[in-house]
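Colleague: Below: sequence and its predicted model.
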Amino acid sequence: MSAAVIPLQKAGGKPEPLIAFRRVDLDLGGRPILRGIDLEIARGEFVCVVGPSGCGKTTLLRLLGGLLAPTGGEVSYAGGPVAGPSANVAIVFQDYGKALLPWRNVAGNVSLALEAAGVPRGEREARIAPLLRKVGLDAHAERFPGQLSGGMQQRVQIARCLAQEPTLLLMDEPFGALDAMTRQALQDEVLRIVQASRMTVLFVTHDLEEAIYLGDRVIALRPHPGRVAATFEVDLARPREQLATREAPQFLRLRRALYDFIESAER
Amino acid sequence: MRLSARLGLGLASVLLCAAIVGGWHLATRFGLVSRAFLPSPERTWLALWRGLTEGDLRRQVLATVERMLLGWVLASLVGIVLGSLIGSSRRARAWIGPSLEFLRPLPASALIPIGIAFFGLSQSMVLAVICFGTLWPMLLATIQGFAALDPQLRDVGRMLGFGRLDTVWKFALPNALPDILAGMRLGLTVALILSVVGEMLAGQQGLGLSILLAARAFRSPDLFAGVILLGAIGYATNLVLAQVELRVLRWRS
């Protein structure tokens, strides 16, 4: 994993954000999807994005990944405009079943990222083993995605993203299709991994509690067209803990505020 | 399927085979059909055995199998390469698709006269016709397999920064492989049919010609021996391909 990144200090004293959206508009097929998005994310920050369906959460993430270009305004990454996909940015897609190569086994799917990075064949295996250990799949390296549970498939995708050694990890409702127990286990795994690697994370979810549990900050979007409606700072101690954190008064207060907000946004 | 059920079905298949041969035997035994047209199984077996051990039936089999395989391999290569090129571009699909749809349903045997005009009654004519007729299942399967690549997988490839060639090699081609293999199995059957028809029409050495000559000379045991061998070739090649498919696509089980 990449070494600890010290935020660059600008002359003014405020650290330069890793990501900045400046008055970003996006239209798809003539329909406005996002309007006037202004957003900054600092290095090492874990930011969650919530909002009702149709608010452009996924679109926001695809803009950052370089899979879409804004219609107006600018999306910048590390000081320069995002011009396309970059090896520093990885996406964990929502639909793990369609994000893995069904004809490659677990190790082969992780290897894909190493092949893309030009890692020589001989070195790949030594890089894959620790990644699989990190996501708890070391015993399943030879199995094919079709033989794995949903949670395990999503772990494969996470391992493949980690193999990229990205600075920025984008996660698009990664646990939305998993059962509650698996979801909680994966939330903790992701927190642990992110903590150890000092990655910056943008995490899209429709689960408000998940957003509070994971994030340093929760950004709420309003739909038709999508725009930033409110930002909630999450002042919960880390490392977080499924029971204690979720019972903390700040957690409950934030949960209340977010629910109230979403309800008013949907009305 | 449970083992006992599989054994039972296997036994039933053997019994069905035996019943057909038995019926055949009885039909000839009681003269239900003239022997000039339908030889007894015993005489057919004898002709088959003699032809393979003493006669030139083995050479005919080899000639036909060689022709079939050569045409099939050539058609597979052309089909997969061409299919990859057409399938990986939406514009190419829209551009070439209608022409393909016009050419595809043409029966390959109808093109034999055209082949004869170009190549004469030669080996190359037969090969060209086999290639043309066999090309379609492979070509269309490859195009279909390429076009059916999930957009999400395309995004994965883009995020990882793969170029066009890598995307074809690591994503589109393996994605199309089940379709391609199914097309190749279909193509092999077509190749066998066209080999036989081609040999008959162009007078080329092979099982097709030997069957035709046996029929003209009213040597019905030889005729039936040839037909049985053709069936055996089709059966064996299909079995081999099914095994290959099972191995290559083992991730699907």
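Modeller: Okay, I see it.
Colleague: count of neighbours near residue 156?
Modeller: By default, I'm working from chain A. Using other CB atoms under 10 Å in any protein chain shown, residue A:156 is surrounded by 29 other residues. Placement of C-beta: from N, CA and C, glycine included.
Colleague: my bad, chain B
Modeller: If we define neighbours as other CB under 10 Å, then residue B:156 has 24 of them.
Colleague: Name the nearest residue to it, sequence neighbours excluded.
Modeller: Using CB to CB, 6 or more residues apart in numbering or on different chains and skipping the chain neighbours, the partner closest in space to residue B:156 is residue A:99 (5.5 Å).
Colleague: For chain B, give me its nearest residue in the stretch 1-150 of chain A.
Modeller: Residue of the stretch 1-150 of chain A nearest chain B, by CB to the nearest CB: residue A:116 (3.8 Å).
Colleague: quick one, what contacts the nearest residue to that residue once chain neighbours are set aside?
Modeller: Residue nearest to residue A:116 in three dimensions, not counting chain neighbours: residue B:160, with 3.8 Å by CB to CB, 6+ apart. Neighbour list for residue B:160: A:85, A:87, A:112-113, A:116, A:164 [criterion: CB atoms under 8 Å, 6 or more residues apart in numbering or on different chains].
Colleague: For those, give me JSON lines that also has secondary structure, neighbour count and pLDDT.
Modeller: JSON lines is the format used below for the contacts of residue B:160 (DSSP: H, G, I helix; E, B strand; the rest coil; neighbours: other CB atoms under 10 Å in any protein chain shown; pLDDT from 0 to 100):
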{"residue": "A:85", "secondary structure": "coil", "neighbour count": "19", "pLDDT": "93"}
{"residue": "A:87", "secondary structure": "coil", "neighbour count": "16", "pLDDT": "91"}
{"residue": "A:112", "secondary structure": "helix", "neighbour count": "22", "pLDDT": "96"}
{"residue": "A:113", "secondary structure": "helix", "neighbour count": "27", "pLDDT": "96"}
{"residue": "A:116", "secondary structure": "helix", "neighbour count": "21", "pLDDT": "94"}
{"residue": "A:164", "secondary structure": "coil", "neighbour count": "22", "pLDDT": "93"}
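Colleague: helices or strands up against the helix or strand where residue B:131 lies?
Modeller: Residue B:131 belongs to helix B:123-147 when assigned by DSSP states H and E. With contacts defined as 3 or more CB pairs under 8 Å, 6 or more residues apart in numbering or on different chains; DSSP states H and E, the packing partners of helix B:123-147 are helix B:57-87, helix B:90-103, helix B:112-119, helix B:173-202.
Colleague: domain parsing for the chain?
Modeller: The chain I'm using is chain A. Domain segmentation of chain A under automatic domain parsing yields A:43-69+A:81-88+A:166-267, A:101-164.
Colleague: Actually, chain B is the one I wanted.
Modeller: When chain B is parsed with automatic domain parsing, its domains come out as B:1-33, B:39-252.
Colleague: Reformat the ones you listed as a markdown table; add mean pLDDT.
Modeller: Converted to a markdown table, the domains of chain B look like this (pLDDT from 0 to 100):
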| stretch | mean pLDDT |
| --- | --- |
| domain B:1-33 | 89 |
| domain B:39-252 | 90 |
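Colleague: closest one to residue A:105 among those?
Modeller: In terms of CB to CB, the element of the domains of chain B nearest to residue A:105 is domain B:39-252, at 7.5 Å.
Colleague: so how far is the closest one off the chain centroid?
Modeller: Computed by CA atoms, centre = their mean, to the nearest Å, the chain-centroid distance of domain B:39-252 equals 4 Å.
Colleague: Okay, now it: how far is its last residue from its first?
Modeller: With CA to CA, to the nearest Å applied, domain B:39-252 spans 46 Å between its terminal residues.
Colleague: Kindly report the same for stretch B:162-171.
Modeller: Stretch B:162-171 stretches 10 Å from its first residue to its last (CA to CA).
Colleague: and that stretch with chain A, contact?
Modeller: Yes - counting by CB under 8 Å from any CB of the partner chain, chain A is contacted by stretch B:162-171 at B:162, B:166, B:170-171.
Colleague: taking these one by one, which sit in strands?
Modeller: Assignment to strands by DSSP state E places none of the residues of stretch B:162-171 next to chain A there.
Colleague: residues in contact with residue A:68?
Modeller: If a contact means CB under 8 Å, 6+ apart, then residue A:68 has A:26, A:59, A:62 as its contacts.
Colleague: can you pick the most crowded of those residues?
Modeller: The contacts of residue A:68, ranked by neighbours (other CB under 10 Å): first place residue A:26, 24 neighbours.
Colleague: My reading is that that residue lies in a strand. Confirm?
Modeller: Yes - using DSSP: H, G, I helix; E, B strand; the rest coil, the assignment for residue A:26 is a strand.
Colleague: ok, and the closest non-adjacent residue to it?
Modeller: residue A:34 is the one closest to residue A:26 (CB to CB, 6+ apart), at 4.3 Å.
Colleague: average pLDDT for the strand or helix carrying the one you found?
Modeller: For residue A:34, the host element (DSSP H and E) is strand A:31-41. For strand A:31-41, mean pLDDT rounds to 93.
Colleague: what's that strand packed up against?
Modeller: Contacts defined by 3+ CB pairs under 8 Å, 6+ apart place strand A:31-41 against strand A:19-28, helix A:57-65, strand A:227-233.
Colleague: can we see that at 6 Å?
Modeller: Contacts defined by 3 or more CB pairs under 6 Å, 6 or more residues apart in numbering or on different chains; DSSP states H and E place strand A:31-41 against strand A:19-28, strand A:227-233.
Colleague: Identify the residues contacting it?
Modeller: Contacts with strand A:31-41, where a contact means CB atoms under 6 Å, 6 or more residues apart in numbering or on different chains, come from A:17-21, A:23-26, A:47, A:56, A:59, A:225-228.
Colleague: swap the cut-off to 8 Å and go again
Modeller: Applying CB under 8 Å, 6+ apart, the set of residues contacting strand A:31-41 from outside is A:17-27, A:47, A:56, A:59-60, A:63, A:70, A:73, A:200, A:202, A:219, A:225-228.
Colleague: And stretch B:44-53, by the same measure?
Modeller: With CB under 8 Å, 6+ apart as the contact definition, stretch B:44-53 has outside contacts at B:39, B:57-58, B:219, B:221-222, B:224-225, B:228-229.
Colleague: what about 6 Å?
Modeller: The contact list for stretch B:44-53, computed with CB under 6 Å, 6+ apart, reads B:57-58, B:221-222, B:224-225.
Colleague: Spell out which parts of chain A neighbour chain B.
Modeller: With CB under 6 Å from any CB of the partner chain as the criterion, chain A meets chain B at residues A:67, A:85, A:87, A:91, A:93, A:95, A:98-99, A:102-103, A:113, A:116, A:144.
Colleague: quick one, helices of chain A?
Modeller: Ranges of helices in chain A, per DSSP state H, are A:57-65, A:96-99, A:106-116, A:121-134, A:150-163, A:180-197, A:208-214, A:242-247, A:249-266.
Colleague: Now for residue B:159, how many residues are close by?
Modeller: Residues near residue B:159, counting by other CB under 10 Å: 26.
Colleague: That should have said residue B:74, apologies.
Modeller: Residue B:74 sits with 17 neighbouring residues when counted by other CB under 10 Å.
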